[in-house]
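Undergrad: Here is a sequence together with a model predicted from it:
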Amino acid sequence: MEKIPPGDPSAYLESLMKAGQQSMKQFDDGLAAALGVRGKGPSPIGQSFSPFTFAMDMQREYLTQFWRFWNKSLVRTLSFGMNVTTQPARGDKRFKDDAWQETPYYDFLKQSYLLASKQLSEFVDHAQVDDKTRLQLRFHARQFIDAMSPSNFPATNPEVIRTAIQTRSASLSAGIKNLIEDIQKGRITRVDESAFEVGGNLAITPGFVVFENELIQLSQYTPQTPDVEKTPLLIVPPCINKYYLLDLGAGNSFVEYAVAQGHHVFLISWRSAVPEIGHLGWDDYLRLGPLKAIDVVRDIVNVDEVHALGFCVGGTILSCAAGVLAGRGERKLATITLLTTMLDFKDTGDIGLLIDEGSVVLREATIGRGGILPGKELAFTFGTLRANDLIWRYVVDSYLKGATPDAFDLLYWDSDSVSLPGPMYCWYTRNTYLENNIKEPGKTTQCGVPVDLSRVKAPLYILASREDHIVPWQSAYLSKDLIGKDPRFVLAASGHVAGVINPPARNKRSHWLNDDLTCEAKDWLEAAEEKSGSWWLDWDFWIKRHSSGRTPAPVQAGSAGYHIIEPAPGRYVKQKSN
């Protein structure tokens, strides 16, 4: 830092901010390289505009334009005692350190940032544009607002400076080391990956892989009760994540719970896309996925119908497969359970704002006839939906403070991304987020059948999460009118993951019940009764009402036609895409 005349706070602040700009330029260049987003190519979800790169560029511009204002205004604040009381939103942890409140310099940085953020948000809200454009502007403005926080800058974060002093700069050295390692990985490390092993302390419910093709492995789980439900349960997890979200570990596993309740459980494990399957399309995912798995389960157990449960995109795939079966006149499903699933994509939340005609056409031109959408691109896109929690928090902790990531199973799962074949991804984005076709009877032809979801007559159980930022619960609620019969809708507390993964033994959170589904979503909630604890008990009771009794548990997995291939969780789930 250049030499400063004694007693000149304005000159000191000017020098400090110059040093901060120089440090930040080196830092954000390295960060952009680590994330693999430098350049003008398509963004993770297919948008030609990258909000993250834009935000990094705007950070530098923000510092250049505002440091003089901060310097002069801070002197006035110290001299005249100006008191500004703008406060962070509830739950915002970026300014929890006492220095942000007690030290005038940091308090002013915080207040300036919050006021500027409020002004930018109000500007967007009053823009003379259509509703969708306003939502898109709001999303991109939030990316910029999150990125330009003074807590993200090494020169303007009191915790970073204090930690560097206390550790004699060891924290800065550790941060550089963490950054270099992430540059090599091409992604941000948010969790201690050495603490987890799929098949070791994750995905540990006992079972065997009894079928596989080029896209899926099918596991049959070992019964833990003397007898099991005659009607087996097939679980279809999302294909954009690894399945073991549903089998995180002992005491925190939906699969473990279902087996313990006497369900005869089978589960699909999707393969992360590799070049030899880069040509697979949406129909292939239906044909090689749930349609094939349903027949294998029916053959092994020797039944006509199975219970089928789909989670998120797995629920969309399962619903389309059910539509294909209905179009063929085949009754193979005893019930359908949809967890945080969208079939009507009219209101998709923030993620839908990143998909437009231009972005889809670009993806169709590049990977629509073959190729792969890398898992790390999808993972980063989902991270931007909650950038403060899923991106900037870890940037600050890992790169600026040199901290070691915590061991957290959900974050490990979230970082274990899955790649998708280009043709499948392109069909999905066009017919869901872009054109909202699958809900329209006969609008799409899938596996050679005009699909009409209303022809599916299996009893339906729908679970949505009240704070879900990926599948708005009001959109999930609309599925009651699109597919199945005698629907039951349950609303869980919390978000997309925590609302679903809620073991009863922990007695956490709550859920809402209301048998009247003839009303709008907001009216349903107003009349709903809140119940403490997990929704899993309600689902177990419901699905057993639609079963056909119990039968002695099988003594071994598979059958004469389907032999054991390997122990669960199998090979596919262990393959890394990143």
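TA: The structure has been received and is ready for your questions. Note that the structure is predicted; figures quoted are calculated from it, not measured.
Undergrad: Can you verify Lys177 is assigned to a strand?
TA: No: going by DSSP: H, G, I helix; E, B strand; the rest coil, the assignment for Lys177 is helix, not a strand.
Undergrad: Report the spatially closest residue to Gly281, excluding sequence-adjacent ones.
TA: Pro423 (4.0 Å; C-beta to C-beta, 6 or more residues apart in numbering). Where C-beta positions appear, they are placed from N, C-alpha and C, glycine not excepted.
Undergrad: do the same with Ser253
TA: Nearest non-adjacent residue to Ser253, counting by C-beta to C-beta, 6+ apart: Asp247, 4.6 Å away.
Undergrad: Count residues in the vicinity of the one you found, would you?
TA: By the measure other C-beta atoms under 10 Å, the count of residues near Asp247 is 32.
Undergrad: Might one say that it is in contact with Pro206?
TA: No: if you go by C-beta atoms under 8 Å, Asp247 and Pro206 don't touch, sitting 10.7 Å apart.
Undergrad: Give me the residue at the spatial middle of the protein.
TA: With distances taken as C-alpha atoms, centre = their mean, Phe382 lies nearest the centre of the chain, 5.3 Å away.
Undergrad: Helix or strand: which one has that one?
TA: Element membership for Phe382, per DSSP states H and E: helix 375-384.
Undergrad: same check, this time on Ile462
TA: Element membership for Ile462 (DSSP H and E) is strand 459-465.
Undergrad: Likewise for Val259?
TA: Here Val259, judged by DSSP H and E, is contained in helix 254-260.
Undergrad: Residues touching that helix, excluding its own?
TA: The contact list for helix 254-260 (C-beta atoms under 8 Å, 6 or more residues apart in numbering) reads 205, 221-225, 233, 235, 246-247, 250, 265, 267, 500-501, 503-504, 536, 540.
Undergrad: Kindly recompute the last result at 7 Å.
TA: Residues outside helix 254-260 that contact it (C-beta atoms under 7 Å, 6 or more residues apart in numbering) are 205, 221, 223-224, 233, 246-247, 250, 265, 267, 501, 503, 536.
Undergrad: circling back: what separation is there between the residue nearest to Ser253 and Pro569?
TA: Applying C-beta to C-beta, to the nearest Å, the value for Asp247 to Pro569 is 8 Å.
Undergrad: Check Lys443 too.
TA: Between Lys443 and Pro569 the distance is 37 Å, computed by C-beta to C-beta.
Undergrad: More neighbours: these two, which one.
TA: Higher neighbour count among Lys443 and Pro569: Pro569, with 24 against 14, using other C-beta under 10 Å.
Undergrad: what does the model give the residue nearest to that one when sequence neighbours are not counted for pLDDT?
TA: Sequence neighbours aside, Ala203 is the residue nearest to Pro569 in space, at 3.9 Å (criterion: C-beta to C-beta, 6+ apart). In this prediction, Ala203 carries a pLDDT score of 96.
Undergrad: can you count the residues close to Leu357?
TA: Careful, residue 357 is Glu and not Leu. By the criterion of other C-beta under 10 Å, Glu357 has 10 neighbours.
Undergrad: pLDDT value on it, please?
TA: Looking at Glu357, its pLDDT is 87.
Undergrad: rewinding a little: the residue nearest to Gly281: how many residues sit nearby?
TA: Neighbourhood size, Pro423 [other C-beta under 10 Å]: 22.
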